[in-house]
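Undergrad: Fold the following and give me the result.
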Amino acid sequence: KSSSLVSGFVLQTNFKLLTCAGVLCCLIWNGFAQQGGSDCIKANAKSCGECIQAGPNCGWCKKTDFLQEGEPTSARCDDLAALKSKGCPMEDIENPRGSKQLLENREVTNRKKGAAEKLKPEAITQIQPQKLSLHLRVGEPQTFSLTFKRAEDYPIDLYYLMDLSYSMKDDLENVKSLGTALMLEMEKITSDFRIGFGSFVEKTVMPYISTTPAKLRNPCTGDQNCTSPFSYKNVLSLTSEGNKFNELVGKQHISGNLDSPEGGFDAIMQVAVCGEQIGWRNVTRLLVFSTDAGFHFAGDGKLGGIVLPNDGKCHLENNVYTMSHYYDYPSIAHLVQKLSENNIQTIFAVTEEFQAVYKELKNLIPKSAVGTLSSNSSNVIQLIIDAYNSLSSEVILENTKLPKGVTISYKSFCKNGVNGTQEDGRKCSNISIGDEVTFEINITANECPKKEQNETIKIKPLGFTEEVEINLQFICECQCQSEGEPNSPACHAGNGTFECGACRCNEGRIGRLCECSTDEVNSEDMDAYCRRENSTEICSNNGECICGQCVCKKRENTNEVYSGKYCECDNFNCDRSNGLICGGNGICKCRVCECFPNFTGSACDCSLDTTPCMASNGQICNGRGTCECGTCNCTDPKFQGPTCETCQTCLGVCTEHKDCIQCRAFDKGEKKETCSQECMYFNMTRVDSREKLPQPNQPDPLSHCKEKDVDDCWFYFTYSVNSNGEAHVHVVETPECPSGPDIIPIVAGVVAGIVLIGLALLLIWKLLMIIHDRREFAKFEKEKMNAKWDTGENPIYKSAVTTVVNPKYEGK
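TA: Sure thing, here's the model as predicted:
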């Protein structure tokens, strides 16, 4: 019976666990539905376009008869799963998705230095793709991959911009032979190299230079022969002839100025914006800025009375900057903008004294480097090579200004498994020639542009002329809106456009079918149509009366909905069980629970499933009760428990039936005289041995028993009840009786025990005596050793001589 009780308990426990799991799943599903549908419903969308802009998971049901009575048009907009659960077919749900389309996708160029083919710079591809189109839906990111590969033997244009103030006199001598020497070094990197040269000093106004006629002719002191001061001069446009560079630079002379900072920013601006005069190509552009002094920047021109901000335009006449006295120095931010726009990478070759200043400037100018120039510029070639390798080993992506509401994020996949996110996602370092790196770019529209026009943005690596052009097209309307019928008869005689299953009313018209004008909204006659019979409440105080029809209001919890002609119904005021509406086992419709199959009751809390009531013998409530709402109601007062199998006052199966089995099987026991009247309620089968008794794996519940008879013999039997309620007993025909005791071994054992105990006691006594004697002997030996006698003196002898000392005796 104990095994039966355990089985019933396990069965009931499993059922409760399954029920709890089901309820938990319902709660989780409802939570997700509420979370997903909340933004869609709260958007209060009046059209399909407004709906899809509410979030990427929002859809619009265009089914004409989708809305229940009293529901507003905005109820067509909801989470996709919620729309489907409300009965909107998938083909009637408008849910446009974003997409991407590659418009130009040339593979990156693979070629080796010294290859037979000589490609034009515009034919070399280092970035892929080149052009694509993205269709963006609000809140839904579009992702694409951008690949960059440094092409080998890529052309380089290098422009050397040098400070020709007097302190750079010794530097000029070393630069005069720079052209051919640099050509030889750059041939190791590229076969297509061009070099140019420009120089600068300072603005030609006080207090930057002395304006006395003599100083204008020769600003240097003593017998030094210096050229007149100037702001910026383009000495040599970019050329592949190194000898021409040496020739023209060799003709240059040092000039001078008064203050320490130089006007280098004016020169950098002109080099950046005067592309035609300088001769820049769409290749790698390097600007080497060589000086041993600081720089003037925006605002310093006020010292010379120059207040007009630099306009960032080219003002070269005969290769000389002519507006230095008119425009102020450019700001650092202005320089950064122009250098970036023209893809120019800057190398600052400055002396040790100004390293700290130009390193701070480098941090503000992307794709720039700083090198330490020796006092006479003797190391300038190695400086340029090192700086170029540093600049070209890093690729940094930048994008043009983003339209309002558009965001972009980068993730880089660089060499050796190095990945970057956020700002580090824009760049990869330690790139060698021929290395290929990939960027994952996410573009998200968070709102639609007001004019719904397309936008274009560009992404390019800093310092490179190649770029990716991205055309952004915004999904702000549904396809069904273009199929709308203006002035449709379905919208109250043409008072609106019927689109996407609903009417979009013309100006001055309102109502679900545009049936009212705005002048009729507050009419008392209209309010009468929104009152229930014998009621003064308009729309049951749960909505507004618009055009004589109730439009039910929304609740903060978007899963709770008012409905009905007078908004008298809702789906959240039904009876609850375990804190759940309809116990989680039904749907609340108009304040009444509609239960799922196998559930009933006002709160759907009564289960019709009898599985929890099934007892271990296969009977419902053990045949001693009725199953009500999945729980046994025991009709026999002696039985209790989840399946009416527990009886605290009942004997066990074995004890209950042993007397009857004893009288029928062995004709003895307490019921021997009344056996034929009281013990004929079961069938009995005799077996030879215990092994032949039925085993527990049979279909009917079985109890194995072992009981004592009146002769203190053990007899074995089994008791089982089949599905028809018939009891059957199998009993072993021969009881196991205990045999009488054997006297001789018992007596022999007692005698042997007494003898052995006596011998053991004697041995213990003898052992204790030996230990005691040895301790006494040891003690005697120790005392004997401690007794030391002086054999030369009689211990009882006393001397006869007595010595007395006179205390007054002074020894005189």
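Undergrad: if I look at the residue nearest to Phe599 when sequence neighbours are not counted, how far off is Pro597?
TA: With CB to CB, 6 or more residues apart in numbering as the criterion, Phe599 has its nearest non-adjacent residue at 4.3 Å, and that residue is Asn585. For every residue, glycine as well, the C-beta is placed using N, CA and C. To Pro597, Asn585 is 10 Å away according to CB to CB, to the nearest Å.
Undergrad: And for Pro72?
TA: For Pro72, the distance to Pro597 - CB to CB - is 33 Å.
Undergrad: Between those two, which is the more surrounded one?
TA: Applying other CB atoms under 10 Å to Pro72 and Pro597 shows that Pro72 carries more neighbours, namely 18 against 8.
Undergrad: quick one: contacts for the nearest residue to that one once chain neighbours are set aside?
TA: Spatially, and ignoring its direct neighbours in sequence, Pro72 is nearest to Val551 (5.0 Å; CB to CB, 6+ apart). Residues in contact with Val551 (CB atoms under 8 Å, 6 or more residues apart in numbering) are Gly70, Pro72, Arg512, Cys539, Gly543, Glu544, Cys545.
Undergrad: And the pLDDT at the fourth one?
TA: The one in question is Cys539. If you check Cys539, the pLDDT there is 86.
Undergrad: For it, give me phi and psi.
TA: Phi and psi for Cys539, reported as degrees, to the nearest 10, are phi 50, psi 40.
Undergrad: ok, and the closest non-adjacent residue to it?
TA: Counting by CB to CB, 6+ apart, the residue nearest Cys539 is Cys550, at 3.9 Å.
Undergrad: Export the helix or strand containing the one you found to CSV, keeping only CA atoms.
TA: Using DSSP states H and E, Cys550 sits within strand 549-552. The C-alpha coordinates for strand 549-552 follow below in CSV (Å, rounded to 0.1, in the frame of the first residue of the first chain):
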residue,chain,number,x,y,z
GLN,A,549,-20.6,56.3,-32.3
CYS,A,550,-18.5,55.3,-29.2
VAL,A,551,-14.8,55.3,-29.7
CYS,A,552,-13.5,53.4,-26.6
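Undergrad: pull the longest helix from the protein.
TA: helix 743-786 (DSSP state H).
Undergrad: which helices and strands does that one pack with?
TA: Contacting helix 743-786 under the criterion 3 or more CB pairs under 8 Å, 6 or more residues apart in numbering; DSSP states H and E is no other helix or strand.
Undergrad: so how far is it from its chain's centroid?
TA: 84 Å (CA atoms, centre = their mean, to the nearest Å).
Undergrad: Then stretch 638-657?
TA: 58 Å.
Undergrad: One more: stretch 252-265?
TA: On CA atoms, centre = their mean, the centre of stretch 252-265 falls 56 Å from that of its chain.
Undergrad: Report the buried residues of it.
TA: For stretch 252-265, burial by neighbour count (16 or more other CB atoms under 10 Å) applies to Gln252, Ile254, Ser255, Gly256, Asn257, Asp259, Pro261, Glu262, Gly263, Gly264, Phe265.
Undergrad: where's the third one relative to Glu317, distance?
TA: For Ser255, the distance to Glu317 under the criterion CB to CB works out to 19 Å.
Undergrad: Next up, the contacts around the residue nearest to Cys539.
TA: Gly70, Cys530, Ile538, Cys539, Ser540, Gly543, Glu544, Gly564, Lys565, Tyr566, Cys567.
Undergrad: I appreciate the help and will end here.
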